[in-house]
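Enquirer: sequence first, then the predicted structure, then my questions.
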Amino acid sequence: MEASNKATNWNLYYTSVPAIARRTRKYTTSVLIDAIKRHASPSQDGRLSIVELGGANSCFLDSILADIRPRSYDVVDNNQYGLSLLAKRIGKSEVVRLHQQSVLALSLSTQADLVFSVGLVEHFDPSSTRQAVLAHFDVLRPGGLTIISFPTPTFFYRIARKCMELLGMWRFHDERPLHPSEVITTIQEQGDVVYQKMLWPVILTQCMVIAKKRVVK
């Protein structure tokens, strides 16, 4: 299933989140937090430094702040409107920092313990998807953890998307569902996969890949 040349209208998405996304967020959040608790390790002070890529108006931030209590949480996105909504939600924070940047042109100086994205790397052509995946490692310390979740073209994904397209409900026009091998092959350039999980309860099936950045000796 190929992506359309028409770009996703993220301002519209943040203004009115589709019902299907609202229904699946709790499940995705629980899987994400479980993965962090099982696999991520802080480099200092017993608390994680976290970067969320593509996290404008993040639906994961509140739960992660409450359950993980990170030392720092950097949110990166190029959508100013989504970031402004998040800024209003968090108010003044000594932990959360917002950055309006593209994942394809990161300029963060941090080397985080954990870098993750959910529903980001599939919005590009193959070359830029590879660049977006590798960007996770650019801001990740050696031995740190990355979690990348993306839609994958299972039978359920194809049927659900086709129905939504026929009903005029499909908004992610540049979404390109990815076979896990495409993402994993890129990850293996800089890291080692430690866990992989298919998120079947998400109607538009997601694959979550967890990897550690290789330590170069």
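Expert: In hand now; what should we look at? Residues are numbered from 1 along each chain as shown.

Enquirer: Arg130 falls within a helix, correct?
Expert: Yes. When the secondary structure is assigned by DSSP: H, G, I helix; E, B strand; the rest coil, Arg130 falls within a helix.

Enquirer: what sits against it?
Expert: Arg130 makes contact with Thr186 under the criterion C-beta atoms under 8 Å, 6 or more residues apart in numbering. To be clear about C-beta, it is placed using only N, CA and C from the backbone, and glycine gets the same treatment.

Enquirer: next: Phe60.
Expert: Listed by C-beta under 8 Å, 6+ apart, the contact partners of Phe60 are 28-29, 32, 52, 118.

Enquirer: in the longest helix along the chain, which residues are buried?
Expert: Among the segments of the chain that qualify as a helix by DSSP state H, the longest is helix 19-39. Judged by neighbour count using 16 or more other C-beta atoms under 10 Å, the buried positions of helix 19-39 are 21, 24-25, 28-29, 31-33, 35-36, 39.

Enquirer: could you save the contacts of Phe60 as a markdown table and add columns showing pLDDT and distance to Ala160?
Expert: A markdown table is the format used below for the contacts of Phe60 (pLDDT from 0 to 100; distance: C-beta to C-beta, whole Å):
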| residue | pLDDT | distance to Ala160 |
| --- | --- | --- |
| Thr28 | 95 | 15 |
| Thr29 | 96 | 20 |
| Leu32 | 97 | 21 |
| Glu52 | 98 | 25 |
| Val118 | 97 | 17 |
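
Enquirer: identify the farthest-apart pair in those.
Expert: Thr28 and Glu52 (13.0 Å; C-beta to C-beta).

Enquirer: can you give me the helices in this structure?
Expert: Per DSSP H, the chain carries helices over the ranges 10-15, 19-39, 61-67, 80-90, 126-138, 155-166, 180-187.

Enquirer: now render these as CSV, adding distance to Gln206.
Expert: Listed next are those as CSV, based on distance: least, C-beta to C-beta, whole Å:
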stretch, distance to Gln206
helix 10-15, 17
helix 19-39, 7
helix 61-67, 17
helix 80-90, 20
helix 126-138, 15
helix 155-166, 9
helix 180-187, 11
